[in-house]
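# Structure for the following, please:
(chains A and B)
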Number of protein chains: 2
Amino acid sequence: MKAKKLSRKGTIMRSRIIHAAMKVFAAYGFKGASTSIIAKEAGIESSHIFIYFKSKKELYLTVLEKFTKDQHKFIFNPYYFSIKNDPELQVRTLLSNWILFLAHNPDYLRLYRWEISNGNSFLLQLKSKPLISKDPFTVELYKVLCEGVDKGVFNPTAKRVETFVSLNNICFGLFVRMEFFQELGLDVVKLAKADANYRNYIIDLCLKLVKC
Amino acid sequence: MKAKKLSRKGTIMRSRIIHAAMKVFAAYGFKGASTSIIAKEAGIESSHIFIYFKSKKELYLTVLEKFTKDQHKFIFNPYYFSIKNDPELQVRTLLSNWILFLAHNPDYLRLYRWEISNGNSFLLQLKSKPLISKDPFTVELYKVLCEGVDKGVFNPTAKRVETFVSLNNICFGLFVRMEFFQELGLDVVKLAKADANYRNYIIDLCLKLVKC
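A predicted model of the protein is given here:
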């Protein structure tokens, strides 16, 4: 049931269910989470969930879609739109915003790690397909890299998908394997949240791969 | 129960259980796999598993340990030991062997993806801690990078843990997010297995981050 058809009370209830579901799916994954745990987290009866969502799967897809929309809203902010025509600054800003969003949304990250272990089976069912080729962030980053090549700021290999994915891996991989880096003495989340120098260092590494 | 205490027949049976467990744990993860599915895969009675392993957990840790040992045997091969004193070639060889091992062992990769979604909870319990700081591969790669800096082949930032992990992410991240790259038109596993040019391109990107 879509939010727009709901009363004010219904909209609040639906949003409460989605927020509880975010936490529970992040903690247990799709298979491990049950609607009864989600209902308990939201402080409601299990049956109420099915007034707003046909199934656990519909609720899960709604959560994924919401996270993705939040991410895009955060990344494509007014500042980003003010720096068109400067591909290097655009890449810096895209990556920096992305790192910041990931560092500040631990439940989003945990959900993604569940998706990864399941071969992105649900992500591939979404219309917006976050982190996948049709996702606005991925499309924008690739477009800006190509523009940089055309303007002579980036080297031609920036257009190669292997270069693009490597740059993507440098940033996203940090968060996917947080425990690995913790063992090596890096608290990635803490550093990314608080330290602009750290974010810039990581982004500089990415730019090394593409700058002329 | 350790293999060395077993009769010949017992050793064969234990190995059969481990191989069945590899497949089943890779497919369902630790929580999703049951000893009865593993027994069925091995073509034995469930109760037989507990002659050789105290618990599902002990069997899981044995599987992880076996994969890790296989990985190290593959990576640290006689050729690798023949190229000491050439840090650049050593890095190339370490990364190339690692990529090849990952591409040829899909069950190992799937198991790792389960570990990632669980915060590496079991990997951290292993003595050898694969992919973590005390793991021989990680230790060797870092050591060789430092040697390269001392010899003036690599730039000083190669000693920074952020550089090391970025290089690590470029290679390992490819396999962790295979579906993402498939959506972008890259069959990472196929390319890594068959195409030395592809592996070299990825390794060249890594070396861009550290070479003087």
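# show me what contacts the closest residue to residue A:181 other than its chain neighbours?
Residue nearest to residue A:181 in three dimensions, not counting chain neighbours: residue A:188, with 5.0 Å by C-beta to C-beta, 6 or more residues apart in numbering or on different chains. Heads up, the C-betas are built off the backbone N, CA and C, glycines and all. When contacts are counted by C-beta atoms under 8 Å, 6 or more residues apart in numbering or on different chains, residue A:188 touches A:103, A:174-175, A:178, A:181-182.
# Now render these as JSON lines, adding pLDDT, neighbour count and secondary structure.
What follows is the contacts of residue A:188, written out as JSON lines (pLDDT from 0 to 100; neighbours: other C-beta atoms under 10 Å in any protein chain shown; DSSP: H, G, I helix; E, B strand; the rest coil):
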{"residue": "A:103", "pLDDT": "95", "neighbour count": "19", "secondary structure": "helix"}
{"residue": "A:174", "pLDDT": "88", "neighbour count": "25", "secondary structure": "helix"}
{"residue": "A:175", "pLDDT": "90", "neighbour count": "21", "secondary structure": "helix"}
{"residue": "A:178", "pLDDT": "86", "neighbour count": "19", "secondary structure": "helix"}
{"residue": "A:181", "pLDDT": "86", "neighbour count": "24", "secondary structure": "helix"}
{"residue": "A:182", "pLDDT": "86", "neighbour count": "18", "secondary structure": "helix"}
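# Just give me the closest of those to chain B.
residue A:181 (5.6 Å; C-beta to the nearest C-beta).
# these two touch, right, the closest one and residue B:164?
No. Between residue A:181 and residue B:164 there is no contact, the gap being 9.8 Å when judged by C-beta atoms under 8 Å.
# Ramachandran angles for residue A:154?
Main-chain dihedrals, residue A:154, degrees, to the nearest 10: phi -110, psi 160.
# who does it bridge with?
Beta-bridge pairing for residue A:154 (DSSP bridges): residue A:211.
# That one touches residue A:141, doesn't it?
No. Between residue A:154 and residue A:141 there is no contact under C-beta under 8 Å: 12.0 Å.
# Which one's more surrounded, the two?
Each of residue A:154 and residue A:141 has its neighbours counted (other C-beta atoms under 10 Å in any protein chain shown); residue A:154 has more, 24 against 21.
# contacting residues for the more buried one?
A:87-88, A:145, A:148, A:210-212.
# Pull out the buried residues from the residues you listed.
The neighbour count (16 or more other C-beta atoms under 10 Å in any protein chain shown) marks A:87-88, A:145, A:148, A:210 as buried among the contacts of residue A:154.
# which among these gets closest to chain B?
residue A:210 (9.7 Å).
# pLDDT of stretch A:17-33, averaged?
Averaged across stretch A:17-33, the pLDDT comes to 94.
# still on that earlier bit, state the pair within the contacts of residue A:154 that is farthest apart.
Within those, two members stand farthest from each other by C-beta to C-beta: A:145 and A:212, at 12.5 Å.
# hang on, the earlier thing: in helices only, show me the buried ones among the contacts of residue A:154.
A:87-88, A:145, A:148, A:210 (DSSP state H).
# got the angle for the longest helix along chain A vs helix B:8-32?
As assigned by DSSP H, the longest helix anywhere in chain A is helix A:8-32. Counting by axes from the mean of the first three to the mean of the last three C-alpha atoms, to 10 degrees, helix A:8-32 lies at 170 degrees to helix B:8-32.
# just checking, residue A:198 touches residue B:160?
No. Counting by C-beta under 8 Å, residue A:198 stays clear of residue B:160, with 10.7 Å between them.
# and the angle from the one helix or strand residue A:108 maps to to helix B:8-32?
Residue A:108 is part of helix A:106-117, with elements assigned from DSSP states H and E. Computed by the same axes, to 10 degrees, the angle separating helix A:106-117 from helix B:8-32 equals 140 degrees.
# helices or strands next to helix A:106-117 in the packing?
Identification of packing neighbours for helix A:106-117 by 3 or more C-beta pairs under 8 Å, 6 or more residues apart in numbering or on different chains; DSSP states H and E yields helix A:8-32, helix A:56-75, helix A:87-104, helix A:161-176, helix B:106-117.
# mind putting these in TSV, distance to residue B:44 included?
Shown next, in TSV, are the helices and strands packed on helix A:106-117 (distance: least, C-beta to C-beta, whole Å):
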stretch	distance to residue B:44
helix A:8-32	27
helix A:56-75	35
helix A:87-104	45
helix A:161-176	36
helix B:106-117	20
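# So which of those has the densest surroundings on average?
Counting by mean count of other C-beta atoms under 10 Å in any protein chain shown, helix A:161-176 has the highest mean neighbour count of the helices and strands packed on helix A:106-117, with a mean of 23.
# by contact count, what packs against that one?
Judged by 3+ C-beta pairs under 8 Å, 6+ apart, helix A:161-176 is in contact with helix A:87-104, helix A:106-117, helix A:136-150, helix A:188-194, helix A:196-210, helix B:161-176, helix B:178-183, helix B:196-210.
# residues making contact with the last one?
Here helix B:196-210 makes contact (C-beta under 8 Å, 6+ apart) with A:160, A:162-163, A:166, A:205, A:208-209, B:88, B:91-92, B:95-96, B:99-100, B:145, B:148, B:154-155, B:157-158, B:163, B:166-167, B:170-171, B:174, B:191-192.
# Equivalent analysis for the shortest one, please.
Identification of contacts with helix B:178-183 by C-beta under 8 Å, 6+ apart yields A:119-120, A:123-124, A:129, A:131-134, A:161, A:165, B:109, B:174, B:187-189.
# pLDDT-wise, what's the bottom of those residues?
Lowest confidence among those: residue A:131, with 70.
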